[in-house]
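Q: got a predicted structure plus its sequence, pasted below:
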Amino acid sequence: MSQTVPSHVVLDPRLAPPFPQAALPMLRNPQLRKNVAHAIDVIQSKRGKLVAEKTDWQELRSAASAIRAHALDNLGAYLEQFEARCTAAGGHVHWAADAAEARQIILDLLRQENATEVIKIKTMTSAEIQLNPFLQAAGVSPFETDLAEIILQLGEEEPSHIVVPALHINRSQVREIFARTMGLKNLSDDPKELTNAARTYLRQKFLTVPTAISGANFLIAETGSVVVVESEGNGRMCLTLPRTLITLAGIEKVLPRFEDLEIMLQLLARSATGERMNPYTSLWTGVTPDDGPQRFHVVLLDNGRSSILARPRHRQTLKCIRCAACMNACPVYRQTGGHAYGSVYPGPIGAILTPQLMHMEHAQSLPYASSLCGACYEVCPVKINIPEVLLELRAQVVNQERKQTVRFLDPMYLGLRIANLLFAKAWRFHAAQRLGRVGLRLFTRKDGWIHTLPSLGAKWTQTRDLRGLPPKTFHEWWAARAKERK
Amino acid sequence: MNQPVPSQQLILDRIRVATQSVAKDASQLVDAYAALPRTYIRRGALSAQARIELMIQRLREYDAEVIESTPQALPASIAAQLEASGKRTFVAPHGLPAEWLAPSFDCPAFNLMLDHCLTTAQIEQAEGVVTAAFCGIADSGTIVLHHSDSEGRRGLTLLPDWHLCILRTSQVVDTLPEYFDRIQQPPALATYISGPSATADIEMTRIKGVHGPRFLAVILVRDDAGNIL
């Protein structure tokens, strides 16, 4: 039976409801949770085996972490080097300060080509700047070519994972989407047949549409090359057959040298899909006569990244190579899937990246969408200490909130202000303890436990019991003991 | 263009302000890069024989077909594989050694065309392609193409459904870093192929052959037999 996935999902942090609210419909959708858990179990078990066979895994992680940190510390120099080398090889480099500028640059380039259609390789950066609806409205039809992205585009769905974006949709749901949108009434739900349907659907597009848009996994400063990592071959099609190629890349994607790939490529596929190497990795440099697109543009996107760079402890967020190992390992993501995060970047990395890209004005609930168990840090191939950044962001949220007048009577902040007063003087603290002991005696049962509390206290006792206060505080016991000894 | 200069300046200025306490000048940058830790394994410990066996095993895990041959037998092996594939039209890069293909040109069972500026439509019409390779990496079963004259343009190994790749055992390395050690000058173009095109986007079920060639066959030519024995 195919149960429809909620279609009202909003992946814009400015509009999405807070995480606990957005998570509820996901938690109540058993089909979705089953789909997510199945996909994650498969990736996790494959990843586990391949990481275990790599005896130098920790050394690779350390090297990758150091290279990414070094690239970010010297980002300006490496970006300028990339631009110079890419330009010398016949590419054109454009700089976009924000999403709106990037969209406009891409549209202008497409208009120069008189494009009415454009084929696309899966790129989360394009989803971040919401490129597709913008192009559609401007009269250029974008065609996604990655199988998962086709499923999402045709089904009018939103991505819920950064590597396997349609992992929340099962085969019968895919069949339903393809049968409806491709007019294939007799399609079965065999993944092989569904994949073939997508191959046929796209073949003509690859051969006829003269413009393509890609993302980038890595930019190589030393050579001006761009690297795209993929599985299906749709990437190679888009990178090779069109006349014009536009690559959209975040400014943080740069690696200093070509040989740095010897580390990154060993880590990326193992972490992302549990393969020793992904089926296809493509590297190209500007324009090559008689091979591939003869017009090549790179759009370097800032869109909040330089402000992340400005905070030393947050900077590590930008080391990310988008492998999604953190979301596969996350006990919270496993329960909610990706849509609850209200962003194209879900999971632990999304919980730290989204609020920062939004300058913390939106997505304030995301730093709390974690149990701080640390599984994400343990699997991260570039050693991003996600719990550390989560805690930093939580502190930032609190700092912002407590200054807001609407929060003046908020029970949490009221409580904390009272606690602040009480803890300021020893006599106030002792008085409060005595008062509390008398007050709580009413609720303490014979077994010494408090099982229910009224009003706000109920929020605590709904799910757990509370020890009743002992007859003496430690202070009182200590003072009495000293007296006895004399 | 949408005033690229001001945004470039704006972004680079923001980056400079953000990293001013740590960013290095040009000469320091080289030293800082050289000092980065690289304690991972560079060279594999496998014997030459074990390395080739691992390469074959990995390729077969990807459902690639592996045929062993010798330098003397290679031209005949190529013709035999083309014929055995059951396909009738093949293309090959123009720089592939002429002696490799001589028997294939004479074979009446199929038609082989060299890529002298073939159009995309002509390549698309071909059912198979024969190319050389730059390198093989045993650890991951990866075939590296640098798209030289004997490896062909990128489109050549992409559109035909069947790819016959000729790899010499002397080209096979154990680990990925060993491939990088073999490179004097970074390539302008490179494609790393680890098994035929595949997807796992529907319920993580691995399906072979989405858009690239659905079938990969490798002729492994024992050209360093002296090392192996």
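A: Perfect, thanks for sending it.
Q: distance check, A:K49 against A:G274.
A: 7 Å (Cβ to Cβ, to the nearest Å). To be clear about C-beta, it is placed using only N, CA and C from the backbone, and glycine gets the same treatment.
Q: same check, this time on A:V118
A: Distance from A:V118 to A:G274, by Cβ to Cβ: 32 Å.
Q: and these two? which has more neighbours close in?
A: Ranked by neighbour count (other Cβ atoms under 10 Å in any protein chain shown), A:V118 and A:G274 place A:V118 first, with 26 against 21.
Q: show me which positions of the helix or strand that contains that one end up buried.
A: Using DSSP states H and E, A:V118 sits in strand A:117-120. For strand A:117-120, a neighbour-count test (16 or more other Cβ atoms under 10 Å in any protein chain shown) marks A:118-120 as buried.
Q: longest helix in chain B, by residue count?
A: Using DSSP state H, we find that the single longest helix of chain B is helix B:4-19.
Q: packing partners for that one?
A: Packing contacts for helix B:4-19, counted by 3 or more Cβ pairs under 8 Å, 6 or more residues apart in numbering or on different chains; DSSP states H and E, involve helix A:75-88, strand A:92-96, helix A:305-309.
Q: A:E156 is nearest to which of these?
A: Closest of these to A:E156 is strand A:92-96, at 27.1 Å (criterion: Cβ to Cβ).
Q: send me that closest one as PDB with only the CA atoms.
A: The C-alpha coordinates for strand A:92-96 follow below in PDB (Å, rounded to 0.1, in the frame of the first residue of the first chain):
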ATOM      1  CA  HIS A  92      34.600  32.100 -16.100                       C
ATOM      2  CA  VAL A  93      34.400  32.700 -12.300                       C
ATOM      3  CA  HIS A  94      31.500  34.700 -10.800                       C
ATOM      4  CA  TRP A  95      31.100  35.700  -7.200                       C
ATOM      5  CA  ALA A  96      27.700  35.700  -5.500                       C
END
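Q: so who does whichever residue of the stretch 101-250 of chain A sits closest to chain B touch?
A: Nearest residue of the stretch 101-250 of chain A to chain B, counting by Cβ to the nearest Cβ: A:G233, 2.8 Å away. Contacts for A:G233 (Cβ atoms under 8 Å, 6 or more residues apart in numbering or on different chains) come out as A:279-280, B:158, B:197, B:210-213.
Q: closest to A:L187 among the residues you listed?
A: The closest of the contacts of A:G233, once distances to A:L187 are taken by Cβ to Cβ, is B:V210, at 16.4 Å.
Q: give me the pLDDT value at B:P187.
A: According to the prediction, B:P187 has pLDDT 98.
Q: let me see the contact set for the nearest residue to A:A115 once chain neighbours are set aside.
A: Spatial nearest neighbour of A:A115, chain neighbours left out: A:T211 (4.5 Å); criterion: Cβ to Cβ, 6 or more residues apart in numbering or on different chains. Taking Cβ under 8 Å, 6+ apart as the contact definition, A:T211 lies against A:110, A:113, A:115, A:117-119, A:242-246.
Q: narrow those to those in strands?
A: Among the contacts of A:T211, the members falling in strands (DSSP state E) are A:117-119, A:244-246.
Q: please list which of the buried residues of strand A:117-120 also come close to chain B.
A: Residues of the buried residues of strand A:117-120 in contact with chain B (Cβ under 8 Å from any Cβ of the partner chain): none.
Q: can you redo those as a markdown table with distance to A:G224?
A: Output for those, formatted as a markdown table (distance: Cβ to Cβ, whole Å):
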| residue | distance to A:G224 |
| --- | --- |
| A:V118 | 23 |
| A:I119 | 24 |
| A:K120 | 23 |
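Q: okay, those residues in JSON lines with pLDDT next?
A: Formatted as JSON lines, these follow (pLDDT from 0 to 100):
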{"residue": "A:V118", "pLDDT": "98"}
{"residue": "A:I119", "pLDDT": "97"}
{"residue": "A:K120", "pLDDT": "97"}
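Q: by proximity to chain A, which residue of chain B wins?
A: Counting by Cβ to the nearest Cβ, chain B gets nearest to chain A through B:G212 (2.8 Å).
Q: mind checking the SS state of that residue?
A: Of the three states, B:G212 takes coil under DSSP: H, G, I helix; E, B strand; the rest coil.
Q: quick one, what contacts it?
A: Each residue near B:G212 by Cβ under 8 Å, 6+ apart is listed here: A:232-233, A:236-237, A:279-280, B:158, B:196-197.
Q: tell me who's in contact with the nearest residue in space to A:T87 that is not next to it in sequence.
A: Nearest residue to A:T87 in three dimensions, chain neighbours excluded: A:V93, at 6.0 Å (Cβ to Cβ, 6+ apart). Taking Cβ under 8 Å, 6+ apart, we find A:V93 in contact with A:82-83, A:86-87, A:297-298, A:300.
Q: max pairwise distance over the residues you listed: which two?
A: A:F82 and A:H297 (13.7 Å).
Q: who's more crowded, the two?
A: A direct count of neighbours by other Cβ under 10 Å for A:F82 and A:H297 places A:F82 higher, at 28 against 20.
Q: need the contact list for residue 121.
A: Since you didn't name a chain, this refers to chain A. Shown in contact with A:I121 (Cβ under 8 Å, 6+ apart): A:145-146, A:212-215, A:228, A:230, A:234-235, A:238-239.
Q: please refer instead to chain B.
A: Contact analysis of B:A121 by Cβ under 8 Å, 6+ apart lists A:L207.
Q: ditto for A:F218
A: A:226-227, A:253-255, A:260-261, A:264, A:321.
Q: near chain B at all, stretch A:122-137?
A: No - using Cβ under 8 Å from any Cβ, stretch A:122-137 never reaches chain B; the gap is at least 9.9 Å.
Q: ends of that stretch, what's the gap?
A: Distance across stretch A:122-137, first residue to last, is 20 Å (Cα to Cα, to the nearest Å).
Q: chain center to that stretch, what's the gap?
A: 16 Å (Cα atoms, centre = their mean, to the nearest Å).
Q: contacts for that stretch?
A: Applying Cβ under 8 Å, 6+ apart, the set of residues contacting stretch A:122-137 is A:11-12, A:99, A:102-103, A:106-107, A:110, A:118, A:120, A:141-142, A:144-146, A:148-149, A:153, A:159, A:162, A:165, A:213-215, A:230, A:235, A:248-250, A:301, A:303, A:322, A:344-345, A:357.
Q: just the buried ones among the residues you listed, please.
A: A:11, A:99, A:102-103, A:106-107, A:110, A:118, A:120, A:142, A:144-146, A:148-149, A:153, A:159, A:162, A:165, A:213-215, A:230, A:235, A:248-250, A:301, A:303, A:322, A:344-345, A:357.
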